[in-house]
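>>> Sequence below, structure please.
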Amino acid sequence: MRIKNVVKVMNFHSLLRVDKARKEAEKYAKVEDRLRTMISTITNNRNIILDRQINRMDESKPVLNVYIGSDLGFCGAYNFLANNTVRKDSSDKIIIGKKVKKDLENVKVSCTQEEYLNNPDVVAEYIKTSIRNLSYSEINVLYNHYINAGTINWEKKRVFPFEMNEEESYSEDYISESDITNLVLNMVSTYIDFEIQITVKNAMASENIMRQNSTNDSLKKIDEIEELNVEKERKQKSIISSQKNVERYIKRRSKKKAYD
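Below is the predicted model:
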């Protein structure tokens, strides 16, 4: 009974969080594509004279993968995918989420979701330094992507370098009164940090939906177990009652025989 009450509380909390997390995920999704187009247009611009190395990444450099996991229980499927992937990954890693395995090689930054949301600068500073030093050939974010209440996919999203889109123009002229290379590097690191924040918000929607589904399933199983236990008790009582009736009958027969 105690377990059922705990699960009910978890289910209720998930229900409260789902709608909020879903709305945040959908809100950020609307601006994400536009921001990606904007940063690609700037960094791939043909007329800006800057350090072109930022677009010509050294493929011999390692890859950085950012894993988004969960802080909460009842998200087994959610965390299984993250842990199953991260164990096989020899790349440099940033891990966000309490339930994702951290005692692995090449983990550069690790924190819980709560720690990250309270202080995203921990990750942002590492990203900024990495971009300035051109430390990586590629940066990806791996997470459970919320599409809708019925569809959640494990995805790997590349956030750097930025791909050119054939439908976009890269020939606009820009005027800058500051160091253009420094400006672009700052813009790129800020954009990547924002992408990670968007992904965490999206992942939280997935996390709470999975948690709600898990607690719903758990409550159903608990109800099934309770029904089985009630049925067992009924059968046991029926057996005991039958035995007592038999004993009474035998006693009556014995008394009758003795009287006769």
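
>>> what about the stretch 1-150 of the chain, any weak spots by pLDDT?
Filtered on pLDDT under 70, the stretch 1-150 of the chain yields the residue ranges 1-22, 25-26, 29-30, 46-57, 73-78, 148-150.

>>> any idea where the strands of the stretch 151-260 of the chain begin and end?
151-160 (DSSP state E, counting those that start in this stretch).

>>> Okay, helices next: where are they in it?
180-259 (DSSP state H, counting those that start in this stretch).

>>> so where do the helices sit in the stretch 1-150 of the chain?
Going by DSSP H, counting those that start in this stretch, the stretch 1-150 of the chain shows helices at 2-43, 76-87, 113-118, 121-132.

>>> got a list of contacts for the shortest one?
Counting by C-beta atoms under 8 Å, 6 or more residues apart in numbering, helix 113-118 makes contact with 68-71, 96-98, 122-123, 200, 204, all of which sit outside it. Quick note: C-beta positions are derived from backbone N, CA and C, even for glycine.

>>> so which of the residues you listed comes closest to Ile192?
Closest approach to Ile192 among the contacts of helix 113-118 (C-beta to C-beta): Val123, at 9.5 Å.

>>> which ones are touching that closest one?
By C-beta under 8 Å, 6+ apart, Val123 lies in contact with 66, 94, 96, 109, 111, 116, 193, 196.

>>> if you set the cut-off to 6 Å instead, what comes out?
With contact set as C-beta atoms under 6 Å, 6 or more residues apart in numbering, Val123 has these partners: 94, 109.

>>> Distance-wise, check it relative to Ile94.
6 Å (C-beta to C-beta, to the nearest Å).

>>> Quick check: neighbours shared by the two?
Common contact partners of Val123 and Ile94 (C-beta under 6 Å, 6+ apart): Val109.
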